[in-house]
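Q: mind looking at a prediction? Sequence and model below.
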Amino acid sequence: MRAALLRGKAQPLEIVDLEIAPPAPGEVKIRLVASGICRSDLSVTTGVLKSPMPVVLGHEAAGIVEELGEGVSSLKRGDRVVVSLSPACGECLFCNEGAPNRCFQMAPGMIGSTMLDGSNRLSQNGERIYQLCGVASFAEEAIVCARSCIVVDDDVPLERACLLGCGVLTGAGTVFNFPDIKPDTSLAIIGCGGVGLAAIQAARIKGVAPIIAIDIDPAKLTLAKELGAHHALDGNDDVQKAVRKLTGLGVHTAIEAIGNVATMESAWEMLRPGGLEIAVGMPRAGEKIPIRAGGLFLEKRLAGSTYGSSDPRRDIPRLLAHIRNGEFHLDPLVSEELPLERAQSALDDLAAGRGARHVIVFDH
């Protein structure tokens, strides 16, 4: 099969032919229809996120089940599926606490770019090829954990459903799953890429008001207002002053969807007393957030959200329902569909801040 391979940090993707092994017990082979391109993929190329090399990037996957590993009974050949990052084992400490987004079995994929058992299913002339997040969706086919597959009905195109695997679930899930974000409370969202725009739509559905979108790209701000933001602020301006002017005391909640410590600090400063900052973007490992400690005595709070604090088996079907009834829109999130051969140019666009989400569409 063809795949886009990253051989080392800062190297361009190469389109290569790889061998793919059959699925092991508990796994399935899917023929990929589409893959979203996420900032996390870009972060691996720059070294912000670590992965063994050579590796096939990609983790926002949607496709058709082609082959079942031993013991798989929850899926059948021909099922249309989107792949979540959490295998949700249902047995570990976090799954039992109702937090499958932190399932222990995510560790091999997220840290080692392997399958759950620490091995890989991809190779090239006998060389081991790693699979980002245990998915590796910059390829025509993938072997994934069956428990990570969520069936998608025929009325939602897989070329859009792939975004539910990470970015959309992260943004919308954060809004849906944090009880502080509720109707008629103020929300600022810093960063209007795929994650931020998903959060804006979820906030609109939830009845949050006002919703304040912040970005440095005028096109993204325009799109943010079309999708539900009440106000759009240029991030190059004094946004803290502008937020206070709009809200009086500051916002109840601020979501930082970039992964930049400067905007994390800005989010903290625009909170009202008792407000909550939720860091969704992934900063470089080891970076520290310079926040003023005095805010703690105003009962400000800082929290992180991993994967939207979501239960994928609950929240992906919930998102699909909002999509089918016309409340949540995926089409505006897609800046461009492109073939596998242009995966590198899509990463370049992402690095330059161009567009919201690019989607690789496979021509089989």
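A: Sure, I can see it.

Q: what is the neighbour count of Arg77?
A: Neighbourhood size, Arg77 [other Cβ atoms under 10 Å]: 11. All C-beta spots, glycine's among them, are computed from the backbone N, C-alpha and C.

Q: correct me, but it touches Glu66?
A: Yes - here Arg77 reaches Glu66: they are 6.5 Å apart, a contact under Cβ atoms under 8 Å.

Q: export the helix or strand encompassing Lys225 as PDB, just CAs?
A: In the assignment (DSSP states H and E), Lys225 maps to helix 218-226. Extracted as PDB, the C-alpha positions of helix 218-226 are listed here (Å, rounded to 0.1, in the frame of the first residue of the first chain):
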ATOM      1  CA  PRO A 218      -9.400  37.500   9.400                       C
ATOM      2  CA  ALA A 219     -10.700  34.600   7.400                       C
ATOM      3  CA  LYS A 220     -10.900  32.400  10.400                       C
ATOM      4  CA  LEU A 221     -12.700  35.100  12.400                       C
ATOM      5  CA  THR A 222     -15.200  35.500   9.700                       C
ATOM      6  CA  LEU A 223     -15.900  31.800   9.700                       C
ATOM      7  CA  ALA A 224     -16.100  31.800  13.500                       C
ATOM      8  CA  LYS A 225     -18.900  34.300  13.300                       C
ATOM      9  CA  GLU A 226     -20.700  32.300  10.700                       C
END
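
Q: and the next helix or strand after it, what does it pack against?
A: Downstream of helix 218-226, the next assigned helix or strand under DSSP H and E is strand 231-234. Judged by 3 or more Cβ pairs under 8 Å, 6 or more residues apart in numbering; DSSP states H and E, strand 231-234 is in contact with strand 211-215, helix 218-226, helix 239-247.

Q: need the helices for the stretch 251-364 of the chain, in chain order.
A: Ranges of helices in the stretch 251-364 of the chain, per DSSP state H, counting those that start in this stretch, are 261-269, 312-324, 343-351.

Q: turn those helices into CSV, columns for mean neighbour count, distance to Leu93 and mean pLDDT.
A: Listed next are the helices of the stretch 251-364 of the chain as CSV, based on neighbours: other Cβ atoms under 10 Å; distance: least, Cβ to Cβ, whole Å; pLDDT from 0 to 100:
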stretch, mean neighbour count, distance to Leu93, mean pLDDT
helix 261-269, 20, 28, 96
helix 312-324, 19, 18, 95
helix 343-351, 19, 35, 93
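
Q: need the contact list for Asp17.
A: Applying Cβ atoms under 8 Å, 6 or more residues apart in numbering to Asp17 gives the contacts 1-3, 124.

Q: tell me the confidence at it?
A: pLDDT recorded at Asp17 is 98.

Q: buried residues in the longest strand anywhere in the chain?
A: In the chain, taking DSSP state E as the definition, the longest strand is strand 27-37. Residues of strand 27-37 classed as buried by neighbour count (16 or more other Cβ atoms under 10 Å): 27-30, 32-37.

Q: tell me which of the residues you listed is nearest to Gln344?
A: The closest of the buried residues of strand 27-37 to Gln344 turns out to be Ile37 (Cβ to Cβ; 10.2 Å).

Q: show me the beta-bridge partners of that closest one.
A: With DSSP bridges as the criterion, Ile37 is bridged to His358.

Q: I'd say it and Ala356 touch.
A: No - counting by Cβ under 8 Å, Ile37 stays clear of Ala356, with 10.7 Å between them.

Q: now do the same contact list for the residue of the chain positioned farthest from its centre.
A: Computed with Cα atoms, centre = their mean, the residue of the chain farthest from its C-alpha average is Phe297, at 33.1 Å. Applying Cβ under 8 Å, 6+ apart to Phe297 gives no contacts.

Q: contacts only, for the closest residue to Ala346 other than its chain neighbours.
A: Distance criterion Cβ to Cβ, 6 or more residues apart in numbering; nearest residue to Ala346, sequence neighbours excluded, is His358 at 3.9 Å. When contacts are counted by Cβ under 8 Å, 6+ apart, His358 touches 36-37, 334-338, 346, 349-350.

Q: biggest separation within those, which pair?
A: In the contacts of His358, the most distant members under the criterion Cβ to Cβ are Glu337 and Leu350, with 14.8 Å between them.

Q: where in the chain is pLDDT low?
A: For the chain, the stretches flagged by pLDDT under 70 are 364.

Q: care to break it down by domain?
A: According to automatic domain parsing, the chain is divided into the following domains: 2-165+329-361, 171-306.

Q: out of these, the one nearest Arg318 is which?
A: In terms of Cβ to Cβ, the element of these nearest to Arg318 is domain 171-306, at 7.3 Å.

Q: distance between the closest one and the chain's centre?
A: Computed by Cα atoms, centre = their mean, to the nearest Å, the separation of domain 171-306 from the middle of its chain amounts to 17 Å.
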